[in-house]
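Asks: quick check, what structure comes out for this input:
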Amino acid sequence: MPSFDITSEANWVALKNAVDVAGRQIGNRYDFKGTSARAELDEKAKTITLWGDSEFQLGQIKDILFPEMEKKERESTKRLEAGKIESVSGNKVKQTLQIKSGIDQELAKKIVKLIKESKMKLQATIQGDAVRVFGAKRDDLQAAIALVKKTVTDYPLAFGNFRD
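Replies: Sure thing, here's the model as predicted:
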């Protein structure tokens, strides 16, 4: 029985590369000379921490970082969840961006419901942080991929492990 998996994993190599390139650009900018402006990636905690002298400067850092992330991996900024801007040591500020990886239960339930309501002869099951879709026909599976791509636009999804 043909099947495929719907997943969402962060590409850590591309993410690290984007943060490094953005860090170099921040270091080369004249208006950031002598400031605490920087971006750090913590792979274990799955976060990107932005440091700056003001909220405005954090916005400028995001304006450098986000296009670099989009160049390396399409729709990668959609997986970021911004934390509150915190004041640290005097007039410095920091913001933590949490990197979401995998499909959370709410989105998985939405995808399963979407496939069941489509009246296609398919079955969808939640398996941890992925959704597996089974069907008798390959064409139905391809139609399901197109439906999910069209409907779920607020989170980056990958369709893989396609088996006949």
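Asks: how much space separates the residue positioned nearest the centre of the chain from residue 66?
Replies: Nearest to the geometric centre of the chain sits residue 79, at 2.4 Å (C-alpha atoms, centre = their mean). As judged by C-beta to C-beta, to the nearest Å, residue 79 and residue 66 stand 12 Å apart. In this view, the C-beta of every residue, glycine as well, is placed from N, C-alpha and C.
Asks: now do the domain split for this protein, please.
Replies: As given by automatic domain parsing, the domain ranges for the chain are 3-8+102-163, 12-99.
Asks: need the pLDDT of the residue nearest to residue 122 when sequence neighbours are not counted.
Replies: Nearest in space to residue 122, with sequence neighbours left out and distances taken as C-beta to C-beta, 6 or more residues apart in numbering, is residue 135 at 4.2 Å. We note a pLDDT of 88 for residue 135 in this prediction.
Asks: what does residue 107 give?
Replies: So residue 107 comes in at 90 (pLDDT).
Asks: correct me, but it touches residue 152?
Replies: Yes: with contact defined as C-beta atoms under 8 Å, residue 107 and residue 152 form a contacting pair (7.2 Å).
Asks: more crowded one of those two?
Replies: For residue 107 versus residue 152, neighbours defined as other C-beta atoms under 10 Å are more numerous around residue 107 (20 against 17).
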